[in-house]
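In: Sharing a model that was predicted from the sequence below.
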Amino acid sequence: MATTRKKLPHTILAEGESTGHKHEVFGAGVSLYDDGRADILVLDVPVLDVPANAETEIRHQEHGAQPIAPGEYDRLIVREYDHFREEARQVVD
Amino acid sequence: MATSTPPTLHDWLEAITANGSGAVPWDEVDAAFQAHLDALRLPRRPFRWIADLEEAFYDIYHAAWGVARDAARDAARDAARDAAWGAAWDAACDAAWDAAWDAAWGAARGAAWDAVMDAARDAAWGVAWGAARGAAWGATRDAARDAARGAAWDAVMGAARDTAWGAARGAARGAARGAAMGAARGAANPFASFLVIARHIHVFWITPTEIIAVPKPHIHYDAATGRVHRSDGLAIEYPSGNGYYFFEGVRVPERVVLMPDQLLRDDIARERNAEVRRVMVQRVGIERVCQLFEAECVDTQEDYALLLLDLGDGRKRPYLKMRNPSIGVYHIEGVAPNIRTVQAALNWRNHLTAEIIDDDNGAAWQQQGDVILRPHGAQTFRSRPTLLT
């Protein structure tokens, strides 16, 4: 399905409500796009824009940093089920 | 506060990072705000302090509403004035044009008539008519030339005047700027007074009618992690006695910090924020949580367990008990009602279905806390992340 991508002015993948912490991507040439789907963002790491020795990683105040290989990724947030509301929702922290 | 020695970067850092002590020299802070306004050549205004952020928020909300209302009113007035000015200008232009036309036409007609009269008196009718026509044309041409010359002259004058005004204004502005720079260089830093504000004030607003300031709260940190934290009281304390409870960096309700023993099954199960729920479980203890919910463990896998919890309304529903690999504490999250194994719970939680799981040829993916990164465009995936932190 063709989608229109809109480049976002940041590379924050998720932000905590109660902690103010955030999952953020750092690296040369990294861009984050909203491709129009409600809960999926595309992390676009253009191969040509990332030098071979550049370090691209996702960081968070509490979780260990992770390297990200060049490529394009879908960002999803894990979900949980609220048995009182009888609905699934993205985990909010 | 005017200082003879300009504050250093260290002075600013010390002021900004100073914790609130509860004892604020309000007169000194007031004087610093007024000195700052003086330095900006803005009118002084009354100073008022409010003891905590929440109370100040409501005050400033009302003040902001007043400012927005006034701005809207001014904008409407300006628009009306501009419209009226435009209409008046158009009317004036039309009137001037009509008057000029009437005058020119009258002059030309009068001149022609005079010429005709003179010619008629001195010559035969045919000769008179030719002369009259020639005179009329000449007069009309002269009148038009004069009018054009006048308009051109006005335009030249207007342009010259505008140029002169622009040059004079530029020169005046340059001179003023030069004088101001010279004065500033010769004086102590007029913004040094702001150091007092940085040391004692948390937030402030300068409204058209007053200055509203909130003193710095006293903030408690966990010495080991540096996170905002206090296990026996407010972690952020304002002089008013109000503030906020934080446990290991997570803002939580008062009961979670002061009375965790009184947390009920519903408090935990109905909490929508996963981090707050995690702290609740941590404060209550995972074993007691299992007791509260009469938990029945139906499957385990590594650090995971699938529990059926009694929600107290006759329903037993599945929750995934898991250990945060980064901070080593347990928490629980609900999963879809039909799930009975840990792997099924993980699949559901991670947006994986049986159709897209391929542990041999599926794409590798990674997970950091609640965030999952999957290769864009891949059709199948491994059932577990290759990186999990």
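Out: Noted; the coordinates are in hand. Numbers count the residues shown, from 1 in each chain, chains lettered A, B, ... in the order given.

In: From B:Met280, how far off is the closest residue to B:Asp52 other than its chain neighbours?
Out: Closest residue to B:Asp52 in three dimensions, ignoring its sequence neighbours and counting by C-beta to C-beta, 6 or more residues apart in numbering or on different chains: B:Tyr238, at 3.6 Å. Backbone N, C-alpha and C define where each C-beta goes, glycine included. With distances taken as C-beta to C-beta, to the nearest Å, B:Tyr238 is found 25 Å from B:Met280.

In: Which single strand of chain A contains the most residues?
Out: What stands out as the longest strand in chain A, according to DSSP state E, is strand A:71-77.

In: Sheet partners, orientation included, of that one?
Out: Here strand A:71-77 has these sheet partners by DSSP bridges: strand A:41-45 (antiparallel), strand B:371-375 (antiparallel).

In: coming back round to it: got the phi/psi numbers for the residue nearest to B:Asp52?
Out: Per-residue torsions, B:Tyr238: phi -90, psi 160 (degrees, to the nearest 10).

In: any chance you could map the helices in chain B?
Out: Taking DSSP state H, the helices of chain B run over residues B:9-17, B:26-39, B:53-122, B:125-186, B:194-200, B:254-258, B:265-270, B:274-284, B:286-292, B:342-349.

In: Give me the residues contacting the shortest one.
Out: If I follow you right, that is helix B:254-258. Residues outside helix B:254-258 that contact it (C-beta atoms under 8 Å, 6 or more residues apart in numbering or on different chains): B:230-233, B:235, B:245, B:247, B:262-263, B:267, B:276, B:279-280, B:283.

In: count of residues packed around whichever residue of the stretch 151-300 of chain B sits closest to chain A?
Out: Of all residues in the stretch 151-300 of chain B, B:Glu275 sits closest to chain A, at 3.9 Å by C-beta to the nearest C-beta. Neighbour count for B:Glu275, taken as other C-beta atoms under 10 Å in any protein chain shown: 26.

In: right, and it touches A:Thr19 too?
Out: Yes - with contact taken as C-beta atoms under 8 Å, B:Glu275 and A:Thr19 are classed as touching, separated by 5.8 Å.

In: Please, which helix or strand holds A:Tyr81?
Out: A:Tyr81 is part of strand A:79-82, with elements assigned from DSSP states H and E.

In: Who are the packing partners of the next helix or strand after that strand?
Out: The first helix or strand that comes after strand A:79-82 along the chain, using DSSP H and E, is strand A:87-90. When contacts are defined as 3 or more C-beta pairs under 8 Å, 6 or more residues apart in numbering or on different chains; DSSP states H and E, strand A:87-90 sits against strand A:79-82.

In: which secondary structure elements does the strand it packs on contact?
Out: Here strand A:79-82 touches strand A:87-90, strand B:330-334, helix B:342-349, going by 3+ C-beta pairs under 8 Å, 6+ apart.

In: List the buried residues for it?
Out: A:79-81 (16 or more other C-beta atoms under 10 Å in any protein chain shown).

In: Show me which residues of chain B sit near chain A.
Out: Residues of chain B lying near chain A by C-beta under 8 Å from any C-beta of the partner chain: B:249-252, B:269-270, B:272-276, B:278, B:311, B:315, B:317, B:326-327, B:333-337, B:348-351, B:366-377, B:387, B:389.

In: Can you flag the buried ones in those residues?
Out: Listed as buried from the residues of chain B next to chain A are B:249-252, B:269, B:273-276, B:278, B:311, B:317, B:333-336, B:348-351, B:366-376, B:389; burial here means 16+ other C-beta under 10 Å.

In: Helix or strand with the lowest mean pLDDT in the chain?
Out: Assuming you mean chain A. Least confident helix or strand of chain A, by mean pLDDT, DSSP states H and E, is strand A:41-45 with a mean of 50.

In: ah, no, chain B please
Out: Within chain B, judged by mean pLDDT, DSSP H and E, the helix or strand with the poorest mean is helix B:125-186; its value is a mean of 61.

In: Show me what from chain A comes close to chain B.
Out: Going by C-beta under 8 Å from any C-beta, the residues of chain A near chain B are A:13-14, A:16-19, A:21, A:23, A:42-43, A:58, A:60-66, A:68, A:71-84, A:88, A:90-93.

In: Drop anything exposed from those.
Out: Buried members of the residues of chain A next to chain B, counted by 16+ other C-beta under 10 Å: A:13-14, A:16, A:18-19, A:21, A:23, A:42-43, A:58, A:60-63, A:66, A:68, A:73-81, A:83, A:91-93.

In: Pick out the residue nearest the middle of the chain.
Out: All of this refers to chain A. Taking C-alpha atoms, centre = their mean, the centroid of chain A lies closest to A:Leu13, which sits 3.1 Å from it.

In: oops, chain B please
Out: By C-alpha atoms, centre = their mean, chain B has its centre lying nearest to B:Ala64, at 13.2 Å.

In: so where is chain A shaky, pLDDT-wise?
Out: Residues of chain A that meet the criterion pLDDT under 70 lie in A:1-3, A:37-54.

In: again, 80 this time
Out: Applying pLDDT under 80 to chain A flags the ranges A:1-6, A:17-19, A:29, A:35-55, A:92-93.

In: what's the spacing between the residue lying farthest from the centre of chain A and B:Phe381?
Out: Centroid-distance maximum for chain A: A:Phe84 at 28.9 Å, with C-alpha atoms, centre = their mean. To B:Phe381, A:Phe84 is 31 Å away according to C-beta to C-beta.

In: Could you do B:Met259 as well?
Out: 44 Å.

In: between those two, which one's more packed in?
Out: Taking other C-beta under 10 Å, B:Met259 and B:Phe381 do not tie; B:Phe381 has more neighbours (22 against 11).

In: List the contacts of that one.
Out: Each residue near B:Phe381 by C-beta under 8 Å, 6+ apart is listed here: B:352, B:356-358, B:362-365, B:374.
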